[in-house]
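Asker: Everything below, folded, please.
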Amino acid sequence: MEPLPAGLKIPEVSRFINRANQLRSIKPALAYWCEYHAVNQIVGRSLHTTDDACFAFTKTLIESLEAIKAERADDDAIVDNDAGQAYVEQFANETFARAERALRADKVTRQTADTFDAAATFFDLTREWGTPDAETLQKIKFAKWNAARILKAIREGKDPNESNPAKQPPADQQVPLSPDDPAVLQIISPPPPAAVDGDGPTAAVDYGHPVADAPPPDEGDYFPRVNPDGIADAPAAVADQDFVSFAPPDPMSMSPPVTQANHPNSPPGPSAPHFIPSSPRVPNAPEVSSPPFRATAVSPPVFSPSQASSVAPRAPTTSHRDINEAQKHAKWAISALNFDDVPTAIKELRNALHKLGVS
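Answerer: Numbering: from 1, shown residues only. Okay, here's the model as predicted:
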């Protein structure tokens with residue numbers, strides 16, 4: 001791919017082009033969607049009209065995407081929107097998990113910062129299928145914050161592990177709380193009404209993942225070793241290609257995000273400057289979490305035998321949220337089968353059935 005023109009060197013474009021260059025020969029489907037997103041950003045911002053160089057680059061990029069789609073017509077992750085979405089989400093979560101394992105083992109390095117930055121980029125890539133859910137947005141903030149924190153510590157000559165977020169102590173080491181403690185009584189008493197706050201700080205986000213028993217100091221990745229200036233632009237080749245695939249995400253890690261949005265159409269043919277971006281996507285409806293349960297002393301109702309016998313059990317109902325969760329697990333099962341990962345597919349299908357009330 002030719003160098004990025006100066007008029008297109010903005011983060012919304014350059015970081016996706018850089019990752020595409022890194023992954024082109026190893027993960028062509030990821031490279032395709034990175035470049036596809038970059039085209040949408042260029043055309044959506046009318047950057048292709050900046051000058052002749054931007055015009056030519058955009059035209060070449062769109063023609064390349066059309067050629068890739070024709071050459072890899074049997075790759076569902078490229079030609080099928082649903083499969084592509086699941087593939088990108090899975091790769092983003094796996095990349096995030098790799099960086100987080102090093103973080104929880106207090107083994108972060110400059111390479112960990114680059115891996116966190118890559119994870120944030122791939123999570124941002126899911127915007128092609130709609131607005132990311134709250135969990136994904138939190139992961140993006142967490143990944144970007146850690147990448148910046150690690151590089152800042154290294155530039156200042158400090159050990160970046162000294163500023164790692166604090167981990168929760170094991171359950172058997174936590175001091176039990178007394179029910180007579182004033183602080184405990186304050187927690188379980190009904191709180192006064194309060195307005196809903198916005199996003200809280202992300203500096204000490206802890207997702208509660210278990211620490212791996214013996215993680216390597218800093219696992220290799222698809223991404224080249226970063227230079228002393230920080231997260232650099234990606235070279236055309238990848239320095240370390242030993243890790244050509246990730247293991248499935250740890251079962252204890254956070255579940256992949258659920259996205260429900262209209263899927264973009266494929267980019268058009270050679271008339272690149274006149275490329276029409278996909279129609280506006282419908283953002284996901286925000287999920288309103290229920291308030292925490294408050295313990296109150298309520299005496300149980302007393303039923304007579306005749307009353308108890310006359311109360312018929314209610315048939316189980318399936319909520320829209322359970323249906324959405326079931327769809328998510330089914331989608332991940334399909335994605336696992338694309339990689340011949342039968343055990344993961346079986347597990348995800350069982351999770352989907354469980355969400356639908358099938359034991």
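Asker: show me where pLDDT drops low in the protein?
Answerer: Applying pLDDT under 70 to the chain picks out residues 1, 167-317, 335-336, 338-339, 359.
Asker: What ranges does it have for its helices?
Answerer: Under the criterion DSSP state H, helices of the chain are mapped to 11-23, 28-44, 52-71, 76-79, 81-104, 110-125, 134-155, 182-188, 305-310, 320-338, 342-355.
Asker: For Glu35, which non-adjacent residue is spatially closest?
Answerer: Nearest-residue entry for Glu35: Ala20, 4.8 Å, with adjacent residues in sequence omitted and distances by C-beta to C-beta, 6 or more residues apart in numbering. Backbone N, C-alpha and C define where each C-beta goes, glycine included.
Asker: Can you report how many residues neighbour that neighbour?
Answerer: A total of 23 residues lie near Ala20 under the criterion other C-beta atoms under 10 Å.
Asker: now swap in Asn81 and tell me
Answerer: Quick note: Asn81 (other C-beta under 10 Å) scores 16 neighbours.
Asker: The nearest residue to Ala153 once chain neighbours are set aside and Asp82: what is the separation?
Answerer: Nearest non-adjacent residue to Ala153, counting by C-beta to C-beta, 6+ apart: Pro160, 3.9 Å away. Going from Pro160 to Asp82 by C-beta to C-beta, to the nearest Å gives 39 Å.
Asker: same check, this time on Gly130
Answerer: Shown here: Gly130 relative to Asp82, a distance of 12 Å by C-beta to C-beta.
Asker: These two: which is more packed in?
Answerer: A count of neighbours by other C-beta under 10 Å puts Gly130 above the other of Gly130 and Asp82, at 18 against 14.
Asker: tell me the phi and psi of the more buried one?
Answerer: Here is the backbone geometry of Gly130 (degrees, to the nearest 10): phi 120, psi 170.
Asker: before we move on, the earlier item: out of the helices of the chain, which is closest to Pro3?
Answerer: Closest to Pro3 of these is helix 52-71 (C-beta to C-beta; 8.6 Å).
Asker: Pipe the helices of the chain into JSON lines and attach distance to Glu2 per row.
Answerer: Formatted as JSON lines, these follow (distance: least, C-beta to C-beta, whole Å):
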{"stretch": "helix 11-23", "distance to Glu2": "10"}
{"stretch": "helix 28-44", "distance to Glu2": "13"}
{"stretch": "helix 52-71", "distance to Glu2": "7"}
{"stretch": "helix 76-79", "distance to Glu2": "22"}
{"stretch": "helix 81-104", "distance to Glu2": "25"}
{"stretch": "helix 110-125", "distance to Glu2": "21"}
{"stretch": "helix 134-155", "distance to Glu2": "28"}
{"stretch": "helix 182-188", "distance to Glu2": "60"}
{"stretch": "helix 305-310", "distance to Glu2": "78"}
{"stretch": "helix 320-338", "distance to Glu2": "32"}
{"stretch": "helix 342-355", "distance to Glu2": "39"}
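Asker: Noted, bye for now.
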